[in-house]
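J.: model this:
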Amino acid sequence: MSNPTVITKENKVLGEKYYYFRHISGLDVYLFPKDLTTSYALFGTSYGSIDNCFIPDGKSELEKVPDGIAHFLEHKMFECEDGSDLFEKFALTGASANAYTSYTHTMYLFSCTENFKKSLEILLDGIKSPYFTKENVAKEQGIIAQEIKMYEDNVHDALFQGLISSMYSENAVRVPIAGTVESISKITPELLYKCYDTFYRLSNMSLCVCGNIDISDVIDVCDRVLKEEKPIKIESVRSYPSEKPEVASSRFSRKMRLSKPIFAIGVKDVNIPKDPAERLKKRVTMEILAGVLFGECSPLSVSLYEQGLTRNPISFYVDHNDAFSFFEIGGESDDPEEVFERFKAHIESVKSAGISEDDLKRVARALYGEFISIFDSSANIANEFLPFIMEGYDVFDYIDTFENITADGVNSALHELFNENFYTLATIYPQDENK
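T.: Have a look, this model is predicted:
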């Protein structure tokens with residue numbers, strides 16, 4: 001067994017700690033030993049749907065690959081050369097497995113109550129053993145084409161996609177994660193191997209395991225399954241297009257089968273800090289802003305609901321990472337345009353009055369409380385922790401950042417982020433059944 005240097009990081013306020021080591025293979029490994037009934041492993045690569053233009057390993061020029069290939073690759077990684085698949089192998093250990101692709105990363109996971117070491121071996125060995133052929137690629141193209149059509153027919157997916165494509169004119173985030181039926185038809189085994197060989201390097205991947213686990217067991221599995229690899233600096237091969245601050249379009253609208261109109265308001269932000277600590281501080285600031293402006297008890301949400309303009313309190317979401325950043329505010333309304341006008345008026349009113357220290361502390365306490373609840377679940381810990389790591393910080397950094405947020409900083413961000421040039425309204429109305 002190898003003897004890596006194990007580093008302990010602890011947050012005494014939370015009473016939580018984790019262990020980290022870099023395996024000889026180049027893989028970063030994070031362990032949260034917790035006395036929980038379920039153990040959970042998350043194995044991820046910093047490679048998502050927006051990484052569709054890069055310099056392949058050994059080459060010197062940028063190459064554009066078909067949209068949706070990261071998601072396609074995720075699907076294919078479960079197929080084994082002997083005709084079986086990883087789901088069958090996990091079933092033999094009693095583990096439940098899954099995977100997902102986001103805009104910025106791809107994750108493979110399992111949860112189990114027993115046979116953790118064997119399940120971890122299946123996960124690591126399977127993801128490091130790709131098998132692509134013309135036949136299995138063609139088969140998958142049909143499967144994913146049906147998945148894409150299903151997303152297109154889902155009103156909430158269609159609304160979100162309309163919102164994103166209205167906000168962004170160049171960023172690859174405007175393209176659906178699964179791609180299009182046309183784009184995936186161009187995927188070949190050769191292209192899949194090219195993406196795999198570039199982004200599935202262990203130096204670009206991380207493993208987080210949580211639950212009733214032993215560090216020596218994890219090291220033992222890594223030693224048996226993973227081989228030392230030549231590291232690659234992925235940051236030097238990605239290429240993202242520049243994006244103007246203004247939204248691509250102020251409106252998106254579509255008619256589909258639903259009973260009531262639904263809407264989503266987007267607020268685009270392209271001023272993304274390069275430094276991870278500053279980026280995290282801005283993320284927390286945006287989350288606090290969203291809670292103050294659009295939370296269930298906010299004047300906007302209460303007035304819209306009490307006056308019958310929305311069926312339920314409005315929902316809100318913040319996404320802020322090194323590639324894109326935006327607010328999303330949504331709900332169901334018979335008059336989305338009036339809601340949009342109320343939204344804009346509300347923003348200007350708050351700008352004039354300012355956000356108080358009391359408002360900041362109230363929302364910050366709620367966010368803080370919601371976040372520390374993740375430590376009661378092995379799955380929640382890993383699912384929050386690993387994406388943070390891929391952004392350059394961890395969950396303890398998130399908690400500590402709250403201490404550095406001030407009312408002056410929140411008000412400054414309010415004026416910087418909220419401007420009519422950065423707003424877009426996406427709507428889906430019921431279609432006329434007689435047409």
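J.: residues near the nearest residue to Glu81 once chain neighbours are set aside, how many?
T.: Using Cβ to Cβ, 6 or more residues apart in numbering and skipping residues adjacent in sequence, the residue nearest Glu81 is Tyr131, 4.3 Å away. (C-beta placed from N, C-alpha, C; glycine too.) When neighbours are counted by other Cβ atoms under 10 Å, Tyr131 registers 15.
J.: Surely Tyr131 forms part of a helix?
T.: No - per DSSP: H, G, I helix; E, B strand; the rest coil, Tyr131 lies outside any helix segment and is coil.
J.: OK, contacts around it?
T.: Lys76, Glu79, Cys80, Glu81 (Cβ atoms under 8 Å, 6 or more residues apart in numbering).
J.: ok, now how distant is the residue nearest to the second one when sequence neighbours are not counted from Ile372?
T.: Excluding the flanking residues, the one nearest Glu79 by Cβ to Cβ, 6+ apart is Asp85, at 5.4 Å. When distances are taken as Cβ to Cβ, to the nearest Å, Asp85 and Ile372 turn out to be 37 Å apart.
J.: What of Gly94?
T.: Per Cβ to Cβ, Gly94 is found 30 Å from Ile372.
J.: Break down the stretch 101-250 of the chain into its helices, ranges please.
T.: All helices of the stretch 101-250 of the chain, identified by DSSP state H, counting those that start in this stretch, fall at 116-127, 134-153, 155-167, 181-184, 189-199, 215-225.
J.: could you redo those helices as a markdown table and give each row mean neighbour count?
T.: Listed next are the helices of the stretch 101-250 of the chain as a markdown table, based on neighbours: other Cβ atoms under 10 Å:
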| stretch | mean neighbour count |
| --- | --- |
| helix 116-127 | 21 |
| helix 134-153 | 14 |
| helix 155-167 | 20 |
| helix 181-184 | 17 |
| helix 189-199 | 19 |
| helix 215-225 | 17 |
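J.: Reformat those helices as CSV; add distance to Arg257 and mean pLDDT.
T.: Shown next, in CSV, are those (distance: least, Cβ to Cβ, whole Å; pLDDT from 0 to 100):
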stretch, distance to Arg257, mean pLDDT
helix 116-127, 39, 96
helix 134-153, 9, 95
helix 155-167, 8, 97
helix 181-184, 21, 97
helix 189-199, 36, 94
helix 215-225, 48, 96
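J.: List the contacts of Ile24.
T.: Ile24 touches Ser2, Pro4, Asp223, Glu228, counting by Cβ under 8 Å, 6+ apart.
J.: what's the closest of those to Ala366?
T.: Nearest to Ala366 out of the contacts of Ile24 is Pro4 (Cβ to Cβ; 39.2 Å).
J.: So the closest one: helix, strand or coil?
T.: coil.
J.: Isn't it up against His23?
T.: Yes - with contact defined as Cβ atoms under 8 Å, Pro4 reaches His23; the gap is 6.1 Å.
J.: between those two, what contacts are shared?
T.: The contact sets of Pro4 and His23 overlap at Ile219 (Cβ under 8 Å, 6+ apart).
J.: average pLDDT for the strand or helix carrying Leu300?
T.: Under the criterion of DSSP states H and E, Leu300 resides in helix 299-306. Mean pLDDT, helix 299-306: 96.
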